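Engineer: Got a sequence here, can you build the structure:
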Amino acid sequence: MAEKLISNNKKAYHDYFIEEKFEAGIVLQGTEVKSLRLGKANLNDAFALVRGGEVFLHNLHISPYDFGNRENHDPDRVRKLLFHKNEIGKLFIKTQERGYSLIPLRLYFKNGLVKVELGLAKGKKLYDKRDDLKQKDQKRDMAQALKERQKG
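Structural biologist: You can find the predicted model right below:
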């Protein structure tokens with residue numbers, strides 16, 4: 001399976017605990033696909049909502065295609081995600097629980113189709129974020145110490 005990453009949401013892993021991941025297709029217009037092939041997408045602040053038995057992606061910014069005409073797309077429009085009916089039911093139940101959100105983690109091409117990886121996420125508190133940063137620093141320091149030890 002050939003996957004080509006378009007956009008990654010690094011901020012999501014910092015702000016949320018990701019408990020489960022889902023892959024979905026996305027309904028796009030022609031110029032949006034051309035713009036995505038150029039890597040012009042921003043997942044920051046994007047989120048998904050389940051409404052009326054369908055899942056919609058909000059705040060995904062896909063820049064207008066440079067060579068487009070008057071048929072160019074609206075960069076911040078709400079886009080429909082493609083899920084199986086039973087998955088939508090599961091997501092609806094999970095997102096009704098307090099503190100859970102659907103956050104897009106990655107946007108990528110898979111076998112020529114644009115896919116979105118959504119994470120069922122629970123928000124982190126400030127002390128959780130500090131804890132993660134401290135652990136990251138410790139890992140970096142340990143790796144650096146090991147590297148120096150192997151040299152000398």
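
Engineer: So which residues of the protein form helices?
Structural biologist: 10-15, 30-37, 85-96, 126-151 (DSSP state H).

Engineer: Tell me which of the ones you listed is the most buried.
Structural biologist: Most buried of the helices of the chain, by mean neighbour count (mean count of other Cβ atoms under 10 Å): helix 30-37, with a mean of 19. The C-beta positions use only the backbone N, C-alpha and C, and glycine is treated the same way.

Engineer: what's the neighbour count on residue 46?
Structural biologist: Number of residues near residue 46 (other Cβ atoms under 10 Å) recorded here: 24.

Engineer: can you list the weak-confidence ranges in the chain?
Structural biologist: 1, 152 (pLDDT under 70).

Engineer: how far away is residue 133 from residue 23?
Structural biologist: 29 Å (Cβ to Cβ, to the nearest Å).

Engineer: Quick check: the gap between residue 75 and residue 85.
Structural biologist: Taken as Cβ to Cβ, the span from residue 75 to residue 85 is 30 Å.

Engineer: likewise residue 116?
Structural biologist: For residue 116, the distance to residue 85 - Cβ to Cβ - is 18 Å.

Engineer: Now that residue 9 has come up, it's in contact with residue 116, right?
Structural biologist: No: in this structure residue 9 lies outside contact range of residue 116 using Cβ atoms under 8 Å: 10.1 Å.

Engineer: Tell me which residues touch the residue nearest to residue 49 when sequence neighbours are not counted, please.
Structural biologist: Leaving aside its sequence neighbours, residue 49 sits nearest to residue 56 (Cβ to Cβ, 6 or more residues apart in numbering; 5.5 Å). Residues in contact with residue 56 (Cβ atoms under 8 Å, 6 or more residues apart in numbering) are 48-49, 78-81.
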